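S.K.: pasted the sequence and its predicted model underneath.
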Amino acid sequence: MSVVTHRTMCPMNCHPTLCGMLVDVEHGRVVGVRGDPENPDSRGFLCIRGQASREILDNPLRVLHPRRRSPRSGAWHRVTWDDALDLITARVQAAGPAAVGTWSGHGIFANNYGTRMHSHLLRRFSNMYGCQWWSPAIICWALGAFGLGLTGLIETNTKEDMSAHAELILLWGANLASQPNTARHLAAARRRGAGVVTIDVRETEASAQSDETLLVRPGTDAALALAMLHVVIAEGLVDRVFIARHTLGFEKLSAHVAQHSPGWAAGITGIAAERIVALARHYASTRPAMIVMGGSSMHKGGNGWVAGRAISCLPAVTGNVGIPGGGFGPRHGSSTHGQALASVVAQERRPPGDDVPNQMARITDALVDRRVRVLLLFGTDMLSSFADANRVAEGLGRQDLVASYDLFMNETAQRFADVVLPATSWLEELGCKSTNTHLYLMPQILEAPGETRALPWVLRQLAARLGLHDFFPWDDTEGLLDALLDAPASRHATVEALRLDGGIRALEISHVAHPDRTFPTPSGKLELYSERAALLGLPALPDFQPLAGDAYPLTLRQGRTLTHFHGFYDHGRALPTLAAADPEPRLWISPSDAAARGLADGAPIVITNARGEMRARAHVTPKIPPGTVWMRDGWSGLNSLTSGEAVLPDDAVDALAFSAGQAAFDARVEVSAT
């Protein structure tokens, strides 16, 4: 049999970079993967993460059969699916719906990011049974988007619009390792003459694509934005016609930012006042100007959402909204205008009850105090995705049952699971992904190995045992996908229609965000002053809230790299290529901070604070300023150092169209030689 090539998508979910993939199969085995040059989003690009994905298949570490152990510290042994599901059902029924929690991560989005097939199905199950369901957006993009949403600037322009029209691009906390497809469009904009400025806590990959880089102290982005607003308004660099027609609260904002001068911000941000003035003038005098804002890492602090709130006022007062090349550019988790697909979550079926909020700190509390006693995990390593991991571990240890559905044994499964259920990979099940501009069919290419099962099958089995007989009204997964795709954005696509389209269909969207100048706020305008925020107990005007200090001298931040993006595949440890490229945790530290501690580059170190400690190696580099240290996220032990405090009031986390209950990942630390 000759090699057969199949078109699909990479399973790594680096939204908004979702990459096309060609898979070569011979005699039922994958013999090669490569980028798809006909994919309109990625144009043949496939990074090291995508190249390594073939190592999921035939991996000796992969879970291929259901496993159980009792007690939790005991040895694992193989069981049948019926045994595993009967045990889960018995514990679920004994606990009662309110004491059962379902939590999912990117591991179940590998073949349906954007269409949300598995997440919708899990939420449907949880609504119909009445158990706890928590939005995976709270570990990711939603906290930053909360600040944007209070102002009303949620939608983003596309990367294609950026390359064609933007004259100035501010990469504000946007690391191109998180969205490498944007880099090609950034380069195209520069060739056209657009200016590029990076604002971040370190010199990232984006700095190499920029005309200027401003290094800001962690947690002070809002102060920088307020000082820029001070300059823009004081010097009359505003669009008064746009402000009059499309905003509320400009006079109050003007009076407020008059107190926030560049001199004030310089002492907070570490950026000289004259550079702040120059940046503000450059942004306000260049039209169109676009801000590409970080989607997750820059918002992990206790005041992280206020950065989005303050930054979103800049396009509002300069009129850079609803125009080609303006507004906000692609951001992790964001949508274009008109992108929405259908929903099957059956929210109307959810019985009334005392739900645990979509709030990390409250979820942890619920585990610790046993308000939740059975936890069903799907494609997630909870210990790495939650802050204050030691307290999360305490809660996991108090559960009557923890079940984990995944491809590999991650840290949470190894330490706390009672049952592990074997998952299918992205090539072993039907799926469909959506970028900001296109739909992509992901056909089943391989037979599922061992006793692995796709998530719809698992949930259908649980639903049947729990008496939810109308849980899955479709004939098969294709019918479920058809229901989700039945929307104007897709031109009411079906799986069969996508097959006839060659697996690719352009969405009916606007490349320009908010083209109708109608905004998702109570007033329908951009709210520079937000009564909604005030009613939620939050500042009505964008504000800067300094982080509380403590005795530890260094501020720890975490983020993404090209070898790592999400927690699945045991953070890449299970894939030899990624494990070899990134073999151990390395902490970025400035030369002066390293010298003060007698640390050489590559030296073994211990990172400590009152919450815990972690061992790593020093990466001494001038690309990070004194006082700040940085590590890529996902390493075991990293979140034993982070705060875990609630950032927003419980009543606020679901006030917008998404859940924003991310905890504070703040950590002040000391670093010393081991």
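M.R.: Here it is on my side, so go on.

S.K.: center of the protein - which residue?
M.R.: Nearest residue to the geometric centre of the chain (CA atoms, centre = their mean): C140, 3.1 Å.

S.K.: count of neighbours near the residue nearest to it when sequence neighbours are not counted?
M.R.: Nearest non-adjacent residue to C140, counting by CB to CB, 6 or more residues apart in numbering: S296, 5.2 Å away. Where you see a C-beta, it was placed from the backbone N, CA and C, and this is true even at glycine. Other residues within reach of S296, judged by other CB atoms under 10 Å, total 25.

S.K.: one step back: pretty sure the residue nearest to the centre of the chain sits against R331.
M.R.: No - contact criterion CB atoms under 8 Å: C140 and R331 do not qualify, at 11.0 Å.

S.K.: what residues are shared contacts of those two?
M.R.: G295 (CB atoms under 8 Å, 6 or more residues apart in numbering).

S.K.: so what's the backbone phi/psi at H77?
M.R.: phi -140, psi 150 (degrees, to the nearest 10).

S.K.: so who does it touch?
M.R.: So H77 contacts R67, R68, R69 (CB under 8 Å, 6+ apart).

S.K.: again, but for G149
M.R.: Neighbours of G149 in contact, by CB under 8 Å, 6+ apart: P520, L656, A657, F658.

S.K.: quick check on the residues you listed: which are buried?
M.R.: Neighbour-count burial (16 or more other CB atoms under 10 Å) is assigned, among the contacts of G149, to L656, F658.

S.K.: now the contacts of G149 in CSV, with distance to H492, pLDDT and secondary structure?
M.R.: Shown next, in CSV, are the contacts of G149 (distance: CB to CB, whole Å; pLDDT from 0 to 100; DSSP: H, G, I helix; E, B strand; the rest coil):
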residue, distance to H492, pLDDT, secondary structure
P520, 24, 97, coil
L656, 28, 96, coil
A657, 23, 92, coil
F658, 25, 94, coil
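
S.K.: roughly how far does the residue lying closest to G249 once chain neighbours are set aside sit from A145?
M.R.: If the residues on either side of it in the chain are set aside, G249 comes closest to Y529, at 2.6 Å by CB to CB, 6+ apart. Between Y529 and A145 the computed distance is 20 Å (CB to CB, to the nearest Å).

S.K.: the more surrounded of those two?
M.R.: Neighbour count, other CB under 10 Å: between Y529 and A145, A145 has more, with 27 against 19.

S.K.: for the residue nearest to C140, give me its contacts.
M.R.: Shown in contact with S296 (CB under 8 Å, 6+ apart): C140, W141, G144, S178, H332, G333, R560.

S.K.: of those - the most surrounded one?
M.R.: Comparing the contacts of S296 by number of neighbours (other CB under 10 Å), G144 comes first, having 32 neighbours.

S.K.: got a list of what that residue touches?
M.R.: M293, G294, G295, S296, M298, H299, G304, W305, A307, G308, R331.

S.K.: from those, which land in strands?
M.R.: Of those, the ones assigned to strands by DSSP state E are M293.

S.K.: give me the PyMOL select line for the contacts of G144, limited to the buried ones.
M.R.: Burial among these is assessed by 16+ other CB under 10 Å; the matching PyMOL selection reads:
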select buried, resi 293+294+295+296+298+299+304+305+307+308+331
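
S.K.: among the contacts of G144, which one sits closest to G249?
M.R.: Lowest distance from G249 to those (CB to CB) belongs to G308, with 16.8 Å.

S.K.: quick check: closest non-adjacent residue to the closest one.
M.R.: Distances taken as CB to CB, 6+ apart place G147 nearest to G308, at 2.8 Å, with adjacent residues excluded.

S.K.: tell me the spacing between that neighbour and A307.
M.R.: 6 Å.

S.K.: same question, A361
M.R.: 20 Å.

S.K.: what's the helix or strand bottoming out on mean pLDDT in the chain in contact with?
M.R.: Least confident element among the helices and strands of the chain, by mean pLDDT, DSSP states H and E: helix 568-571 (a mean of 79). For helix 568-571, the surrounding residues in contact (CB under 8 Å, 6+ apart) are 56, 61, 105-107, 110, 379, 381, 384, 406-411, 564, 575, 578, 634-635.

S.K.: re the thing from before, restricted to helices, list the contacts of G144.
M.R.: Using DSSP state H, the members of the contacts of G144 that fall in helices are G304, W305, A307, G308.

S.K.: thank you kindly, that will do.
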